[in-house]
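>>> Model the structure of this input:
(one chain, ligands or ions: 1)
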Amino acid sequence: MEYFDIQFMNLTEDDIALKKATHKFAEEVMRPTAKALDTMSAEDVVADGSPLWTFLKKAYELGYHKTLLPEYYGGLGLSPLQVHIVFEELGWGSFGLSVLLGVICFPFYVSCLAGNEELIEKYVKPFCACTDASIRGCWAITEPDHGSDYIASGEDYFTTPKMHGNVQARLEGDEYVINGQKSAWVSGGTIATHALLFLQLDPKHGFGGNGICVLPLDLDGVTKGKPLEKIGQRDLNQGEIYFDNVRIPKSYMLAEPTFYEPLLEMILASANMIMATWSTGIARAAFEEALVYSKERVQGTRPLIEHYAHKQRVFKLFARTEVIRAISRNVLNLNLNVSPPLAEYSLVAKSQCTEMAFQNAHELIQIMGGNGLTREYIAEKLFRDARATLIEDGNNETLERHGGHILAETYPRPPLDF
Ligand SMILES: Cc1cc2nc3c(=O)[nH]c(=O)nc-3n(C[C@H](O)[C@H](O)[C@H](O)COP(=O)(O)OP(=O)(O)OC[C@H]3O[C@@H](n4cnc5c(N)ncnc54)[C@H](O)[C@@H]3O)c2cc1C
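So this is what the prediction gives:
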């Protein structure tokens, strides 16, 4: 369906061409791949011959794995608005596959954020040059014993020695030796070649003693668990990663404890503004389905859309989509232009946009009645996928508590110096 984006008014010809090209990829490649993967077992999703691999190769050939990366390292060098345009369309195609492309890029993106020149040369540039999907990142933070508390740097328990990480590292000479386990929630973990790994370096300071490193997953001592079965974003593979005396050079540690909390904030700001951006796509997908269905489905001799009360329901989906786009575009534009990014705005965007996108998917099912629950239509998949976003990348309550902590500690902020 040709959807009129009010913000087309602000787009150049290049922006519109980018939007159309990405939409074509989302419609012709992502949607069919996501539909097929959704019905497969988690193990089959990542098996040889799975449509996942064809999808990834096409995505890399077109450069979608490096959407966020700067041009001087080989990235696409897009403007913030163009990044939004691409992510909205990818989110429309499939939220799960969008997250996969996002985490695939994450160790490399964060190496740039941290300004680690050695890793940029060794890993970021080859990743940008990769066209066969053979280099794939993941973000390994959640642990069997730690979910929300891993990012809750404002809570009083965060820096107490009782906060014992499941993955720890000790320094031996100029190498870190890593042991432990990350949970089954590591997106892309089952197929990743590199991890952005969060780990504990100095347990006496609790999670204040943490660090963040880039870890190639082909090193001795790394093993992986089985892919996770779950109800939503089934096209996004997830699984545990285990570390048994894995050794990395000290220089692979992007942040040791002194830089850990600032880098954690930057990562939260980045991940959450992008989650909001993808939410525009899933909210719009729900709106478009509602509109098409409402014009086709006849009840009481007329299409649903011609019933007075029904018009308001469809309008609500349109309204939420426009609000989500406005918030997420503004925040992306802000946070790709300031350094460090303002995490509180990303937390606003993620928590509000995912909630509204979920409302759209929920309402779509109601609009479609029984048909909304069947596998004949995309509605039930949008609903399952959108439900996961309320938990993913930090559940929304935790992010809101963290946002409140930022306000308490840093507001009023001094004026921004652009
Ligand atoms: C689709 C998906 C993709 C994901 N991708 C990744 C990934 O790529 N990498 C990765 O490492 N992890 C990933 N995760 C994990 C995700 O980050 C965690 O699920 C999330 O941080 C919440 O942790 P938890 O599930 O352990 O819930 P818990 O932390 O156990 O929270 C359970 C409930 O308790 C509440 N709660 C927790 N602490 C407090 C408190 N102090 N006060 C009041 N209430 C509290 C929470 O709000 C929540 O409602 C993913 C999750 C999903 C669903």
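>>> Any chance of the backbone angles for the residue of the stretch 101-250 of the chain found nearest the ligand?
Relative to the ligand, the nearest point of the stretch 101-250 of the chain is residue 147 (1.8 Å; CB to the nearest ligand atom). No exception for glycine: its C-beta is placed from N, CA and C like everyone else's. Backbone torsions of residue 147, given as degrees, to the nearest 10, read phi -120, psi -90.
>>> just residue 99 next, same as before
phi -60, psi -40.
>>> Give me the pLDDT for the closest residue to it other than its chain neighbours.
Of all residues not flanking residue 99 in the chain, residue 236 sits nearest, at 5.2 Å (CB to CB, 6 or more residues apart in numbering). On the pLDDT scale, residue 236 is placed at 98.
>>> what does residue 418 give?
For residue 418, the model assigns a pLDDT of 63.
>>> Give me the residues contacting the helix or strand that residue 400 is a member of.
For residue 400, the element it lies in under DSSP states H and E is helix 396-410. Residues outside helix 396-410 that contact it (CB atoms under 8 Å, 6 or more residues apart in numbering) are 148, 151-155, 268, 272, 343-344, 347-348, 350-351, 354-355, 390, 394.
>>> and those, which of them are in helices?
With helices taken from DSSP state H, the overlap with those comprises 268, 272, 343-344, 347-348, 350-351, 354-355.
>>> wait, doesn't residue 346 sit right on residue 331?
Yes: if you go by CB atoms under 8 Å, residue 346 and residue 331 touch, sitting 6.0 Å apart.
>>> quick one on the thing from earlier: redo the ones in helices among the contacts of helix 396-410 as CSV? Include neighbour count.
What follows is the ones in helices among the contacts of helix 396-410, written out as CSV (neighbours: other CB atoms under 10 Å):
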residue, neighbour count
268, 24
272, 29
343, 23
344, 22
347, 26
348, 21
350, 32
351, 22
354, 30
355, 16
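>>> what does the domain assignment say about this protein?
6-129, 137-258, 260-410 (automatic domain parsing).
>>> Now these in CSV, please, with extra columns for distance to residue 417.
Shown next, in CSV, are these (distance: least, CB to CB, whole Å):
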stretch, distance to residue 417
domain 6-129, 18
domain 137-258, 24
domain 260-410, 8
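>>> Assess the claim that residue 297 and residue 304 are in contact.
Yes: taking CB under 8 Å as the definition, residue 297 is a contact partner of residue 304 at 5.0 Å.
>>> out of the two, which sits in the busier spot?
residue 304 (22 against 15; other CB atoms under 10 Å).
>>> re earlier: surely the residue nearest to residue 99 forms part of a strand?
No: the assignment for residue 236 (DSSP: H, G, I helix; E, B strand; the rest coil) gives coil, which keeps it out of a strand.
>>> any chance you could map the strands in the chain?
In the chain, the strands defined using DSSP state E lie at 137-140, 167-172, 175-182, 194-200, 210-216, 222-224, 241-249, 253-255, 298-299, 302-303.
>>> Next, count neighbours for the residue of the stretch 101-250 of the chain closest to the ligand.
The burial count assigned to residue 147 is 17, neighbours taken as other CB under 10 Å.
>>> quick one, what contacts it?
Residue 147 makes contacts with 183, 185, 395, as judged by CB under 8 Å, 6+ apart.
>>> at 10 Å instead, please
141, 183, 185, 391, 394-395, 398 (CB atoms under 10 Å, 6 or more residues apart in numbering).
>>> how about JSON lines for these, with neighbour count and pLDDT added?
Converted to JSON lines, the contacts of residue 147 look like this (neighbours: other CB atoms under 10 Å; pLDDT from 0 to 100):
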{"residue": "141", "neighbour count": "25", "pLDDT": "98"}
{"residue": "183", "neighbour count": "22", "pLDDT": "98"}
{"residue": "185", "neighbour count": "20", "pLDDT": "98"}
{"residue": "391", "neighbour count": "16", "pLDDT": "98"}
{"residue": "394", "neighbour count": "25", "pLDDT": "96"}
{"residue": "395", "neighbour count": "15", "pLDDT": "97"}
{"residue": "398", "neighbour count": "19", "pLDDT": "98"}
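>>> now, which of these lie close to the ligand?
Among the contacts of residue 147, the residues that sit close to the ligand (CB under 6 Å from any ligand atom) are 141, 185, 391, 394-395, 398.
>>> Looking at those residues, spot the one nearest residue 75.
residue 141 (23.2 Å; CB to CB).
>>> what about the residue nearest to that closest one when sequence neighbours are not counted, neighbour count?
Of all residues not flanking residue 141 in the chain, residue 198 sits nearest, at 4.4 Å (CB to CB, 6+ apart). Residues lying near residue 198 (other CB under 10 Å) number 26.
>>> now do the one 5 residues further on
Burial of residue 203 is recorded as 15 neighbouring residues (other CB under 10 Å).
>>> if we can go back for a sec, would TSV of the ones in helices among the contacts of helix 396-410 with distance to the ligand and pLDDT be doable?
Converted to TSV, these look like this (distance: CB to the nearest ligand atom, whole Å; pLDDT from 0 to 100):
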residue	distance to the ligand	pLDDT
268	11	97
272	11	98
343	15	97
344	18	97
347	13	98
348	17	98
350	12	98
351	11	98
354	11	98
355	14	98
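>>> got the residues of the stretch 201-350 of the chain near the ligand?
Residues of the stretch 201-350 of the chain lying near the ligand (CB under 6 Å from any ligand atom): residue 233.
>>> Can you pull out the low-pLDDT segments for the stretch 201-350 of the chain?
For the stretch 201-350 of the chain, no stretch has pLDDT under 70.
>>> how deep is residue 312 tucked in, by neighbour count?
Residues lying near residue 312 (other CB under 10 Å) number 9.
>>> got the contact list for it?
Applying CB under 10 Å, 6+ apart, we find residue 312 in contact with residue 319.
>>> Check the gap between it and residue 324 for me.
Residue 312 sits 19 Å away from residue 324, going by CB to CB, to the nearest Å.
>>> Now residue 69: closest residue in space that isn't a chain neighbour?
Spatial nearest neighbour of residue 69, excluding adjacent residues (CB to CB, 6+ apart): residue 75 at 2.6 Å.
>>> do the same with residue 219
Leaving out its chain neighbours, the residue that sits closest to residue 219 by CB to CB, 6+ apart is residue 246, at 5.2 Å.
>>> The residue nearest to residue 99 contacts residue 230, doesn't it?
Yes: with contact defined as CB atoms under 10 Å, residue 236 reaches residue 230; the gap is 8.7 Å.
>>> so what's in contact with the two at the same time?
42, 96, 388.
>>> For residue 23, grab the count of nearby residues.
Applying other CB under 10 Å, I find that residue 23 has 21 neighbouring residues.
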